[in-house]
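**Student:** Sequence below, structure please.
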Amino acid sequence: MTAVTQKIPSFCEGIQYFRNEFPGFETYAKAAAIAEGATAIASPTDPAAIYQTLLYADALRYLTVQICGSKASGHPGGFASQVEAYAALVMLGYKNIVTEVGHHAPGFYSAMFLDRSLEDMGIETVQQLRDRFRERHGLLGHLSGFIPGLLAPAGPLGQGQHFGMAGALLHRNTLFPFTVGDGGLGEPYVISSMQHFHTAYPEVTNFLPVLVWNGFSQEHHSMVSLKSNAEMINYWRGNGFEEVVLVDAKEFDDQNQPGDYVDSTAFSFERRLAFTEAVLVGVDQAAKAALGGKLTVFIIKQLKGAGVHARGAKSHNLYPKDTLDAPHIVNALKERALPPAAWQLVRTNCERAGGGPASKTVVTEFELPLADLGALPMTEHPVGGDPKVATTAMGELVAYVGRSDRTYLVTNADGNEASGIANINQALKIIHPTEDPLYNQAPSGQVYEPLSEDACAGLAAGLALFGARTLWCSYESFAVNGLPIWQTVTQAMAELRRPTPATITLFTAGALEQGRNGWTHQRPEIEAYFAAMMRNGNVFPLFPPDANSIQVCYEWALTTKNKGVVITASKSPLPIRTTFAQTRQALQDGAVTLHEVAGGKTVVFAVVGDMILMPVFEAAASLEAEGIGVRIVSVVSPRRLYRSSDVLWDICSEPDGGFLDDIGFERLFGGDALIAVTGGASAMLEPIMLRATCKRDVFAWKRGETTASAGELMALNGITGENLAKRAIALVH
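**Tutor:** Take a look at the predicted model:
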């Protein structure tokens, strides 16, 4: 490579290799293809636009290898195989781009650098881009909520379509392309979730899956690598896609590359331009179809690793040997090197595309305006009055929220009626093409019911991340199938640069209510998942003990920002034990005293849950008859009971540092003995057991079985009034 004679733009500091000349530069690079004041190229067949799209693609490949090589770590191969599609989208003015492929992160960061979005986090040069890649307070190994201009996180495969559909639902005139790898296509929910969404919202087609069909997944050939083009097209059409646009690099190859998947960067320059034009035209066709009411997919078929350091699955990841000094990395960079003037031209186009840097234009950089809910119509039942169903009480509030906020969505896998919240369906209607009042179905409803917890959690959490109010309802035993994306979103909310409504869940039909269904419906171990997540700092599992408490818990959840709020409650009529004021205090302190009788010794029962209180009150009566004092404390918000140092709350974007102090903890839980009780996972009791200093023990869920009643199931797990009292007596003597 010859010495560079051109002036090097300041942002290029850190680029190791330039070239003085590039074929056709004098002809097609006289001015930026996106004119000043414009937001996109004028035509996908304009020779200058095609040429400059190719320059952009090479720039993205160069930066992707450069930043990965700077840490000998990261994933360049997948993004490299679809660079022409990404570049075409941007040159056509589309920047609200999502991905389900976390391994595409270095490519997305390169794009955000080129359009100046990363300047919002102090990254102004390629050297700074290199320095902060895969470093704390920098560019995380996978996309997160922290990076300016990027709409959504990306980690586990199979999640990106939820964000694309959420954006499309909230912003009907904006295109939301999302890239999905042919490895990720093997995830079980990707296509089915889009099918259900399209059935529910046939008019919402402004999301565009971009299939990166490169023949390989992370470490081997992808499972769809042997499909023919016709088979792939038929696959998408068979799943309801009206428009399928496929551009196959093989059709442009003039180098006789073997196999069905080829590298376009190996073509002659004329054929590279022809391939780039085909991608531009195809993306333009697909985008217009999607915005015009057709369910559309764009497919780019090109070998994984095209134009970078290796090909196939070997291009997926860099290892310690893959440094910037390694010959194969040096060669890859030199092959993709551009003249300094080309870098400036690419940057100018990227700045102008879409109306400015993504960090200043994409929808997730702004708070979504929401309807004012006013005061919720809450009903306070008298303590000691008739038993009430907590979920039904919350359902009345959910109905009110939905009527007040037409963007509000409730998701459920066809189980609201079985969870005591038929009132939600009655008020808001299940979204369904078959209108039927008997089943509360209507095409314009607000209750989304795919038979997939991933799809339920995905759309609800995605909408919350994009700024809308939602509620995901599920049976406690099945919700685990939707937790991966809920966790992804909640973690992203912890570092998000803007406030957004909490992602709220309601989990019902707990193990104790599912005796006759047996262990298949008895999986409260999910509570251990949330117990672990509490230490993140923005996750709040709530356990209201009655129908009054659940209303206050939901009222509070609606006011919170950037949190994950998990409400767990029974669908059975249970006694009213608290006032509204008591739960409001419990949401600050973590717990509330339900019952207290003095005695010679004091036994404290710390209880997580509602139905599980029944054997505890039985034990209390037995102990009081023996002259032993008892205090029953309902643990409503266990996260508040941790010590401040136990939780990483202070680095959350919307920090919540509310924890019960030692004096308050002693007031609630101090005694001669403490027994912590839960019908779920014992991990939820950790905050209490960490801080208690008296003799103590735990009664918790062990395993499920078919039983005739909740009492029999509790007895199977050793949770009876007799056993509790016996253990309490042993602790105080």
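
**Student:** element containing the residue nearest the centre of the chain?
**Tutor:** With distances taken as CA atoms, centre = their mean, residue 489 lies nearest the centre of the chain, 3.0 Å away. For residue 489, the host element (DSSP states H and E) is helix 483-493.

**Student:** Which other helices and strands does that helix contact?
**Tutor:** Secondary-structure packing of helix 483-493 (3 or more CB pairs under 8 Å, 6 or more residues apart in numbering; DSSP states H and E): helix 453-465, strand 503-508, helix 526-533, strand 564-568. The C-beta positions use only the backbone N, C-alpha and C, and glycine is treated the same way.

**Student:** The next helix or strand after the longest one: which residues count as buried?
**Tutor:** Okay, so that is helix 453-465. Of the helices and strands lying after helix 453-465 in sequence (DSSP H and E), the nearest is strand 470-475. With burial defined by 16 or more other CB atoms under 10 Å, the residues of strand 470-475 counted as buried are 470, 471, 472, 473, 474, 475.

**Student:** Next SSE downstream of the lengthiest helix in the chain?
**Tutor:** Longest helix in the chain by number of residues (criterion: DSSP state H): helix 47-71. Using DSSP H and E, the helix or strand that follows helix 47-71 in sequence is helix 77-81.

**Student:** Now do that following helix: which elements does it pack against?
**Tutor:** With contacts taken as 3+ CB pairs under 8 Å, 6+ apart, helix 77-81 sits against helix 47-71, helix 105-114.

**Student:** What are the contacting residues of that helix?
**Tutor:** For helix 77-81, the external contacting residues (CB atoms under 8 Å, 6 or more residues apart in numbering) are 60-61, 64, 86, 101, 103-104, 106-108, 181, 212, 214, 216, 300, 302-308, 310-317.

**Student:** Would you write a PyMOL line that selects the buried entries of those residues?
**Tutor:** Remark: buried members of the contacts of helix 77-81, expressed as a PyMOL selection using 16+ other CB under 10 Å:
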select buried, resi 60+61+64+86+101+103+104+106+107+108+181+212+214+216+300+302+303+304+305+306+307+308+310+311+312+313+315+316+317
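
**Student:** quick revisit: export the helices and strands packed on helix 483-493 to JSON lines and tack on distance to residue 722, mean pLDDT and mean neighbour count?
**Tutor:** Listed next are the helices and strands packed on helix 483-493 as JSON lines, based on distance: least, CB to CB, whole Å; pLDDT from 0 to 100; neighbours: other CB atoms under 10 Å:
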{"stretch": "helix 453-465", "distance to residue 722": "38", "mean pLDDT": "96", "mean neighbour count": "28"}
{"stretch": "strand 503-508", "distance to residue 722": "29", "mean pLDDT": "96", "mean neighbour count": "28"}
{"stretch": "helix 526-533", "distance to residue 722": "25", "mean pLDDT": "96", "mean neighbour count": "22"}
{"stretch": "strand 564-568", "distance to residue 722": "26", "mean pLDDT": "98", "mean neighbour count": "26"}
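
**Student:** Domain ranges for the protein, per the record?
**Tutor:** Domains of the chain are assigned by automatic domain parsing as 10-363, 388-732.

**Student:** Between the two ends of the shortest one, how far is it?
**Tutor:** Looking back up the chat, that one is domain 388-732. One end of domain 388-732 sits 35 Å from the other (CA to CA, to the nearest Å).

**Student:** Let me see the contact set for residue 392.
**Tutor:** 420, 421, 423, 547, 571.

**Student:** List the residues that contact residue 483.
**Tutor:** Taking CB under 8 Å, 6+ apart, we find residue 483 in contact with 457, 526, 529.

**Student:** just residue 448 next, same as before
**Tutor:** Residue 448 neighbours (CB under 8 Å, 6+ apart): 200, 409, 410, 411, 412, 431, 456, 459, 460.

**Student:** Leaving out sequence neighbours, find the closest residue to it.
**Tutor:** Counting by CB to CB, 6 or more residues apart in numbering, residue 411 is the residue found nearest to residue 448 once chain neighbours are left out, at 4.5 Å.

**Student:** Report the distance from the one helix or strand that neighbour maps to to the chain centre.
**Tutor:** Per DSSP H and E, residue 411 falls inside strand 409-412. Relative to the centre of its chain, strand 409-412 is centred 16 Å away, using CA atoms, centre = their mean, to the nearest Å.

**Student:** elements contacting it?
**Tutor:** Using 3+ CB pairs under 8 Å, 6+ apart, strand 409-412 sits against strand 447-448, helix 453-465, strand 470-475.

**Student:** of these, which approaches residue 643 most closely?
**Tutor:** For residue 643, the closest of the helices and strands packed on strand 409-412 is helix 453-465, at 28.8 Å, according to CB to CB.
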